[in-house]
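Engineer: Just the structure for this:
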Amino acid sequence: MPATPTFTEPKTWAFQEGVESSELNTIRDILRSMGPHLIARKGSDQSVASTTLANDNTLFTPSIAANEVWYLRLVHFVVTGAGAMKTAYSIPTGSELQRTITGSNGTVVVEHIQQTASDTPVHTYIAGAATGRLYLDEMLFINAGTAGAVTLRIALNSASGTSTSKANSTLWGVQLA
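Structural biologist: Now for the predicted structure:
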């Protein structure tokens with residue numbers, strides 16, 4: 001990705017004027033430099049009743065090209081009930097995901113995780129949040145030589161009750177390099 005561009009006054013286009021690819025690329029680079037953009041938003045709740053990690057049905061990135069670096073931020077609203085919920089990510093082979101999770105179980109919980117393989121390590125949301133809790137998962141994703149998506153994976157932490165990944169949870173991101 002090229003260096004962050006400086007702002008230039010947008011061109012005033014004439015009717016039926018052609019557009020050069022370099023002009024469109026400048027617009028693309030300006031938009032990229034503006035910070036995180038919404039990638040995915042949950043439109044409905046997703047119940048979790050298994051202890052086996054499975055893909056969240058909405059919260060994942062599009063395919064990220066080899067050797068790209070991304071900042072990602074998950075804003076995850078969950079209702080955990082008695083079963084608690086665990087999360088991990090599916091990531092392309094050889095890539096690295098640095099995560100810092102902030103949430104609350106009555107006190108603030110902060111955990112840092114370095115992930116270099118899909119599904120490991122796992123973070124556990126605290127059980128007993130019948131009214132729901134909000135978790136922020138800030139990530140630096142460093143892709144290696146294989147393109148692929150970063151996909152949230154969710155499951156119950158233990159075989160009791162159900163948990164819910166709530167509507168309006170969102171995944172944000174911006175390409176850094």
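Engineer: How is this protein divided into domains?
Structural biologist: Listed domain ranges for the chain are 1-34, 37-175 (source: automatic domain parsing).
Engineer: Determine which stretch of those domains is the most buried.
Structural biologist: Greatest average neighbour count among the domains of the chain goes to domain 37-175 (a mean of 17), per mean count of other Cβ atoms under 10 Å. From N, CA and C alone the C-beta is placed, and that goes for glycine too.
Engineer: any idea which helix or strand comes after the least confident helix or strand in the chain by mean pLDDT?
Structural biologist: When the helices and strands of the chain are scored by mean pLDDT, DSSP states H and E, strand 123-125 comes last with a mean of 75. Next helix or strand after strand 123-125 toward the C-terminus (DSSP states H and E): strand 133-142.
Engineer: Show me what that following strand is packed against.
Structural biologist: Strand 133-142 makes packing contacts with strand 69-79, strand 96-104, strand 123-125 when contacts are defined by 3 or more Cβ pairs under 8 Å, 6 or more residues apart in numbering; DSSP states H and E.
Engineer: Give me the contacts around the following helix or strand past the second one.
Structural biologist: Proceeding C-terminally, strand 96-104 gives way to strand 108-115 as the next helix or strand, assigned by DSSP H and E. Residues external to strand 108-115 that are found in contact with it (Cβ atoms under 8 Å, 6 or more residues apart in numbering): 88-89, 91, 96-103, 121, 123, 126.
Engineer: So the nearest residue to Gly43 once chain neighbours are set aside: helix, strand or coil?
Structural biologist: Residue nearest to Gly43 in three dimensions, not counting chain neighbours: Ala167, with 6.2 Å by Cβ to Cβ, 6 or more residues apart in numbering. The assignment at Ala167 comes out as coil when based on DSSP: H, G, I helix; E, B strand; the rest coil.
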